[in-house]
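K.L.:
sequence plus the predicted model coming up.
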Amino acid sequence: MARKDPQVNVRLPASLKQRIEMAAAESGRSFTAEVVIRLQQSLTGAFVDLSSEGFGALIKRLEATVETSDVLFLRLRDQIRALEGKEPNSGAVEIPAMAFEQLQDALEKGETERAKAVLDDAVRTQLSSLRTSDT
């Protein structure tokens, strides 16, 4: 901390001051340096913005992550089954046009459960048709 930086006096609850002192000791910084670092992190996005706009954006990102994870899970499951010799190794799930439209509509509306159900139905239908064609 440079001596030419402005000095600011702040009142802190005793318990918060103790927590900052412990954190400073653990990190090997002075009390002031610990406070400065914590404030910088809170203002530079190191912490999630939980305002109504920030929280909404976080939810959308998490929903997109869940959707992507579901699709990847289904593909991985099919590939594992193929390696086990239970299904042909196509590596892809064919989605009928109607199901694709339903999937697209659900994703656009953020309805992850419905999108997942559409994908599950498409996978089940494809697996069922593969089983009947093998017999």
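P.N.:
Happy to help now that I have it.
K.L.:
quick one, longest helix in this protein?
P.N.:
Counting residues, the longest helix in the chain under DSSP state H turns out to be helix 52-83.
K.L.:
and that one, what does it pack against?
P.N.:
helix 112-134 (3 or more CB pairs under 8 Å, 6 or more residues apart in numbering; DSSP states H and E). From N, CA and C alone the C-beta is placed, and that goes for glycine too.
K.L.:
so what secondary structure elements neighbour the helix it packs on?
P.N.:
helix 52-83, helix 97-108.
K.L.:
re earlier: distance between the longest helix of the chain and the chain's centre?
P.N.:
Centroid separation between helix 52-83 and its chain, computed with CA atoms, centre = their mean, to the nearest Å, is 8 Å.
K.L.:
and the angle from that helix to helix 97-108?
P.N.:
Calculated by axes from the mean of the first three to the mean of the last three CA atoms, to 10 degrees, helix 52-83 forms an angle of 150 degrees with helix 97-108.
K.L.:
number of nearby residues for Leu103?
P.N.:
21 (other CB atoms under 10 Å).
K.L.:
which residue, other than its chain neighbours, is closest to it?
P.N.:
Val118 (4.5 Å; CB to CB, 6 or more residues apart in numbering).
K.L.:
next, count neighbours for that neighbour.
P.N.:
Count around Val118 with other CB under 10 Å applied: 22.
K.L.:
sketch out the low-pLDDT regions of the chain for me.
P.N.:
1-2, 45-53, 85-95, 130-131, 133-135 (pLDDT under 70).
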